[in-house]
Each structure stands twice: as C-alpha cells, then as structure tokens.
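Trainee: the sequence and its predicted three-dimensional model are supplied below.
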Amino acid sequence: MQDLDVSWKAHLALNVTQICHCLKITKGEISLFLTGHDRSILFLENDYLPDENLQVAPAKFSRNLFDDAFEISTFIDDNALSYDLIEADHLQDAQYCLYQVNWHLPDEYNLLKQGVVGDVYIEDARVKLNLHGIAKPLEKSHNRLLQERCDAQFGGDRCNIDMGLAVYHKSGQVSLLKTSHSFEIELPSGVEMGYFDGGSLEWQSGENTDLGVEKLRIARQYKLSDTIHSITLHSTMKHPIALEDELKLIVGCDKSFATCRDKFANSVEFRGFDQMPGKDFKFTYPQRISPENFE
C-alpha cells in the first residue's frame, strides 16, 4: 500500500476536497504540462495549462512492476496536443508523470502513476493515449531472439523476396458460393494445392473491395481440379460474396525453415535458428527402470 504524505492524507479526510489531475509528458526537448482544472496551476515550478476536456481512466498506485495500462483522452488542441505534435511522433514512447494535486494548495499532491506513453489514437477529433507503467520498456526485444522461426518481415529487405513477382499472387473470380467465408474460385492452370494457405486475399470487385488485406487471411486452399479451387477464410465477410466477384490471392509464409527452403527457395536468407532443439528434447528426462519394463 502506498505511504501518503501527511498533508495529503489530511486533505483527503476533509468533507470537501479540491483535487485535480496534472499530467506531464516529456520526450527529448519537448515537455507538455496539462491539468484537468479550469485554470492554470503553478505546480512543481511548472505552469500546467487548463484542459477541461482531459479525461483520465481510473488508475491506482502500485509499487510492483505490473503494467496496469490505462488511458487518457482529450480534444486535439493547437495549444497542447496538436496534430503537428502527433504527426511528429512526439508522444509515443514519451515519459509521463500523472499527479493528483490540491489545486488550492499545489504543495499538497500525490504521484499517482509514471511510465511511458504507448499507442496514440485519433478518433472524432479526440486523441487517446495509452499510458503504461515504468516496466513497459523492459518488454521490448533488443537485438535478435533465439527462436526457431524466422524473425524477418515477409517480403521485407531482410527477407529478400520480391512480392511483385507474378508467381506470388494469382487473380480469379468466384465460381460457386458455399458459406459467408468459403467459396470456389477459378484460377489459372498450374496452381498447387495449399500454395496460398496462410496467405491473404484482396477483393478486386464486389461489395468487399473496401476491406483491408490484413483482415482477410486464408485458412485453406484446396485444389478440386486443374483450375477450380476451394477457399476457406479465417473470418466471415462483412458483405455478401457474389458470383463472379474478382479477387487476388497473395501468398503467405509461416516463417518455418521448410517453407523458406521448399516454397520460396530462399533458405540462404532464413532469419531463424532452425537447429534449435524442439520440445521433445527439452522435456525429456531419465526414466526409472521398473520390473514392468522387462515384461
């Protein structure tokens, strides 16, 4: 439990309190000082500007390093959290301190939380900041991790696969409807079964053309004939699929060495450690010999 200052505890014991939030955000040479009070406050030798639209989600003090993230939001304002500041990336990963302050006597205060700013969102002219505890930076990976699968971005510079090549995407049209997330498609001759498993789909015509590729992952591509394939998606379509809707299938990668070698002939660029012992090796242990073993 937090040890509160005597003067702060005395203020909390009053029938009527005069408490507001004060938020300090610092990154590089830029510092922001905001308060939810209706007028500016001189607090810890800094002027905190009033922001009556500042909303702070419930937060509690914790001495441990558990990251109990919470959110604050306010309207975008040219005098404080402006579009220019957001676009210049001066908020994400910034340091913050959140105080509870007696606005009548600012010498009475309580440090509620401190840590780093996480994701920044803009929604209906409001900016939302996810605030994390001081241990959040410890979760970041530094240098390479010892892992079996490849850690390169598929199609990126470290992968060296040119996704613009025709072999990695095929276009066709829906020939038969099955469910809201499965259908048959007519593709050019020669496409192998399972080649697009784990890949993505992009609609070229029809009601679903406004959907992002990231949401349209292919679970299974089953070859029915030389040109007809059955496609099953991971998620249901937002809009109905219609016959003759045109689409493009884009190949995916499961980051395994076998896929890199056999599917893409790219084993020389593999960015994993495929020789790492598997679970069977890690969890084996000597077995006690009992008479039953000899029966």
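Mentor: Structure received. Residues are numbered from 1 along each chain as shown.
Trainee: how's this protein carved up into domains?
Mentor: For the chain, the structural domains run 6-136, 166-265, going by automatic domain parsing.
Trainee: just put these in CSV and tack on distance to R158, mean pLDDT and mean neighbour count.
Mentor: Heads up, the C-betas are built off the backbone N, CA and C, glycines and all. Output for the domains of the chain, formatted as CSV (distance: least, C-beta to C-beta, whole Å; pLDDT from 0 to 100; neighbours: other C-beta atoms under 10 Å):
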stretch, distance to R158, mean pLDDT, mean neighbour count
domain 6-136, 23, 79, 15
domain 166-265, 12, 87, 16
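Trainee: who wins for proximity to E148 among those?
Mentor: Evaluated over the domains of the chain, closeness to E148 peaks at domain 166-265, with 7.9 Å, by C-beta to C-beta.
Trainee: can you get me the start-to-end distance on that closest one?
Mentor: 16 Å (C-alpha to C-alpha, to the nearest Å).
Trainee: L201 against I231, yeah?
Mentor: Yes: using C-beta atoms under 8 Å, L201 is in contact with I231, at 7.4 Å.
Trainee: overlap in contacts of those two?
Mentor: Contact criterion C-beta atoms under 8 Å, 6 or more residues apart in numbering; residues shared by L201 and I231: 218, 249.
Trainee: would you mind measuring from C20 to Y99?
Mentor: To Y99, C20 is 9 Å away according to C-beta to C-beta, to the nearest Å.
Trainee: could you do C159 as well?
Mentor: In this view, C159 and Y99 are 46 Å apart by C-beta to C-beta.
Trainee: for the stretch 101-250 of the chain, what spans make up the strands?
Mentor: Ranges of strands within the stretch 101-250 of the chain are 109-123, 126-133, 169-179, 182-186, 200-203, 218-223, 228-233, 246-250, based on DSSP state E, counting those that start in this stretch.
Trainee: got the contact list for F257?
Mentor: Residues counted as contacts of F257 (C-beta under 8 Å, 6+ apart) are 148, 150, 267, 270, 272, 274.
Trainee: could you export the strands of the stretch 101-250 of the chain as a markdown table, including distance to L34?
Mentor: Output for the strands of the stretch 101-250 of the chain, formatted as a markdown table (distance: least, C-beta to C-beta, whole Å):
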| stretch | distance to L34 |
| --- | --- |
| strand 109-123 | 13 |
| strand 126-133 | 11 |
| strand 169-179 | 48 |
| strand 182-186 | 51 |
| strand 200-203 | 41 |
| strand 218-223 | 46 |
| strand 228-233 | 45 |
| strand 246-250 | 44 |
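Trainee: and these: which comes nearest N53?
Mentor: That would be strand 126-133 among these, by C-beta to C-beta, at 8.0 Å.
Trainee: centroid-nearest residue for this structure?
Mentor: In the chain, the residue lying closest to the centroid (C-alpha atoms, centre = their mean) is D119, at 8.5 Å.
Trainee: contacting residues for it?
Mentor: For D119, the contacting residues are 92, 129-130, by C-beta under 8 Å, 6+ apart.
Trainee: also F264?
Mentor: By C-beta under 8 Å, 6+ apart, the contact set of F264 is 161, 253.
Trainee: tell me the secondary structure for it?
Mentor: Following DSSP: H, G, I helix; E, B strand; the rest coil, we place F264 in the coil state.
Trainee: in ChimeraX, how would I select the buried members of the contacts of F257?
Mentor: Applying 16 or more other C-beta atoms under 10 Å to the contacts of F257, the buried members can be selected in ChimeraX as follows:
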select :150,270,272
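Trainee: just send the domains of the chain back as a markdown table, with distance to R144 too.
Mentor: Converted to a markdown table, those look like this (distance: least, C-beta to C-beta, whole Å):
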| stretch | distance to R144 |
| --- | --- |
| domain 6-136 | 21 |
| domain 166-265 | 14 |
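Trainee: one step back: now pLDDT and distance to E186 too, for the contacts of F257, in TSV please.
Mentor: Formatted as TSV, the contacts of F257 follow (pLDDT from 0 to 100; distance: C-beta to C-beta, whole Å):
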residue	pLDDT	distance to E186
E148	83	37
C150	88	33
S267	90	33
F270	90	34
G272	85	36
D274	78	37
